[in-house]
Every structure is written in C-alpha cells, then in structure tokens.
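Undergrad: here's my sequence, what's the structure:
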Amino acid sequence: MKLKLFYILLPVVLLFNGCLNYYQETTLKTDGSGEMFIHYWMRSITPQDSVISSQFGIFSPDSIKAQFHSAYSDVSDIEVYNDGTDSTIHAKVELTFNNIDSLSQTKAFKDARFSLKDGAAGQKVFSQFITPAATGFGVDGSSFIITYIYYVPGDIITHNAHEKSNNKLTWNYTLADIGAGKTITATYRPFKLKETPIWIYGLAIFVLCIVVFFLFKKNKS
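TA: Numbers count the residues shown, from 1 in each chain. So this is what the prediction gives:
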C-alpha cells in the first residue's frame with residue numbers, strides 16, 4: 001500500500017514524535033465488489049499539533065473524500081475526532097467499490113496494485129501491495145501499527161496472512177516489518193451463488209397446471 005496519507009503524514013510524525021496507526025477491514029463479494037472500513041490515528045500531543053495535522057489534510061473530511069473517491073468507489077461515511085483520554089486524533093472512512101481492482105483508481109491507493117484474477121480451475125487469487133515507507137531521522141518504525149483484515153467470499157486455499165479464522169484473514173505489521181514492501185495475497189474457491197431450489201420449480205409447474213385446468217374447465221362450460 002502506498003497511501004499518500006502516509007507520505008503526507010510522515011513529516012508530521014517527525015515533528016510531533018508521534019506515530020501513525022492504520023487499520024483496514026475489507027469485505028469482498030463474489031462478484032469482486034465490496035466494502036472497506038479504514039481507521040487511522042496518531043498521537044496529538046498539543047492542540048497546536050492537531051491544528052497543524054489538519055492543515056496537512058489527513059484529518060480533513062473534504063481531503064479524505066478526495067483521496068478515496070473515484071468513478072468506481074463511493075465514500076459513504078467519514079468521521080474525524082479527537083480522543084482526549086489518550087491525546088489522539090482519529091479518522092474513520094467507510095467506502096464501497098464496484099471491483100477491488102478499481103480501488104487503484106483512487107489517489108490514496110494509486111500504487112497499491114490491487115488484483116483479483118482467475119487462478120486454477122474454479123479459484124480466485126487476490127493480492128494487495130504495501131509499499132515501503134522511510135523511517136529515518138530517528139523514527140522507530142516498530143511503533144507504527146498496521147493491520148489488514150479481509151473477509152473473502154469463499155473457501156481459502158492458500159494465503160500469507162498472520163491469522164486465519166474461517167474466511168477471515170488478518171495481517172499485522174509494524175512499519176519496520178514492511179521493509180522494501182510486502183504483498184498480501186490469498187487464493188480461494190468462491191462460494192457458489194445460491195441456486196433456486198428444485199421444489200420451487202415443481203411448485204410453480206403445479207400451480208400453473210391448476211390454473212390451466214380451471215381456465216380450460218371454465219371455457220368448456
């Protein structure tokens with residue numbers, strides 16, 4: 001993932017000696033469309049820090065919408081708030097997309113290389129690239145917590161996630177873990193679309209026969 005938000009935020013992190021935490025939860029549907037929830041936050045030591053970070057745009061609702069909106073994705077909700085209990089500033093984003101590949105059309109995910117392709121017979125292969133980010137100038141990359149959760153619409157065959165539970169995959173990284181970049185990926189066999197039960201067809205034929213019978217009987221009389 002090469003979120004421009006990270007690169008915009010890095011100078012702020014260096015100035016505030018804080019850290020950025022990023023959480024992304026995505027639900028994929030069988031047709032490749034889906035929903036995504038994003039939550040990122042950082043420590044805001046003083047009220048002045050909050051003002052400066054807002055000026056960078058990473059905690060401005062209008063700027064956030066511009067980063068995640070495209071012709072193929074729609075931002076349904078944005079929430080920005082300060083948490084006084086731990087002096088943090090937060091941004092939450094909810095969006096829907098027509099196809100996971102189309103997220104690359106957004107500014108925020110321009111270089112994330114989302115991909116959903118056919119694999120072996122009856123299988124799908126999903127991947128997302130997480131690009132490296134500089135952590136110099138004494139910044140401890142281990143203090144950045146980054147989490148990705150994917151709910152895939154099928155039986156998982158292979159994956160490189162840190163945790164798996166049914167059709168839920170979880171990747172947990174620190175910024176230092178990402179190094180030269182990471183690709184998260186999973187291969188799954190899509191669930192079959194629900195088919196109309198055979199008894200429905202039988203019932204429909206039965207009702208049709210009754211209607212035809214009574215119509216024939218009425219016309220005959």
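Undergrad: quick one: the strands in this protein?
TA: Using DSSP state E, the strands of the chain run over residues 20-28, 34-43, 73-83, 88-97, 115-118, 124-130, 145-151, 154-159, 163-165, 168-174, 182-190.
Undergrad: out of the ones you listed, nearest to residue 66?
TA: Of all these, strand 73-83 sits nearest to residue 66, with 9.2 Å by CB to CB. C-beta: built from backbone N, CA, C; applies to glycine.
Undergrad: export the strands of the chain to TSV and tack on distance to residue 66 and mean neighbour count?
TA: Below are these laid out as TSV (distance: least, CB to CB, whole Å; neighbours: other CB atoms under 10 Å):
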stretch	distance to residue 66	mean neighbour count
strand 20-28	18	20
strand 34-43	14	20
strand 73-83	9	15
strand 88-97	12	19
strand 115-118	24	12
strand 124-130	21	21
strand 145-151	23	19
strand 154-159	33	15
strand 163-165	33	11
strand 168-174	26	18
strand 182-190	26	18
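Undergrad: which one, of those strands, ends up nearest to residue 207?
TA: strand 182-190 (33.7 Å).
Undergrad: mind listing the strands the closest one pairs with, and their directions?
TA: Strand pairing for strand 182-190, using DSSP bridges, gives strand 124-130 (antiparallel), strand 154-159 (antiparallel).
Undergrad: the ones you listed: which one's closest to residue 148?
TA: Closest among those, once you apply CB to CB, is strand 124-130, at 7.4 Å.
Undergrad: where does this structure have low pLDDT?
TA: 1-19, 44-57, 133-143, 193-201, 217-221 (pLDDT under 70).
Undergrad: do that again at 80, thanks
TA: Within the chain, the set of residues satisfying pLDDT under 80 comprises 1-20, 43-58, 132-144, 175, 193-204, 206, 211-221.
Undergrad: list phi and psi for residue 161.
TA: For residue 161, the backbone dihedrals (degrees, to the nearest 10) come out as phi -70, psi 160.
Undergrad: switch the strands of the chain over to a markdown table; also include distance to residue 216.
TA: Listed next are the strands of the chain as a markdown table, based on distance: least, CB to CB, whole Å:
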| stretch | distance to residue 216 |
| --- | --- |
| strand 20-28 | 52 |
| strand 34-43 | 51 |
| strand 73-83 | 53 |
| strand 88-97 | 51 |
| strand 115-118 | 51 |
| strand 124-130 | 51 |
| strand 145-151 | 53 |
| strand 154-159 | 49 |
| strand 163-165 | 59 |
| strand 168-174 | 57 |
| strand 182-190 | 46 |
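Undergrad: that older thread, of the strands paired with strand 182-190, which is nearest residue 67?
TA: The nearest among the strands paired with strand 182-190, by CB to CB, is strand 124-130 at 16.6 Å.
Undergrad: who touches that closest one?
TA: Strand 124-130 is contacted from outside by 1-2, 28, 100, 111-119, 146, 148, 150, 152, 154, 173, 178, 181-190, using CB atoms under 8 Å, 6 or more residues apart in numbering.
Undergrad: count of neighbours near residue 102?
TA: 17 (other CB atoms under 10 Å).
Undergrad: pretty sure it contacts residue 68?
TA: No - between residue 102 and residue 68 there is no contact under CB atoms under 8 Å: 11.9 Å.
Undergrad: re the thing from before, of the strands of the chain, which approaches residue 209 most closely?
TA: Across the strands of the chain, closest to residue 209 is strand 182-190 (CB to CB), at 37.2 Å.
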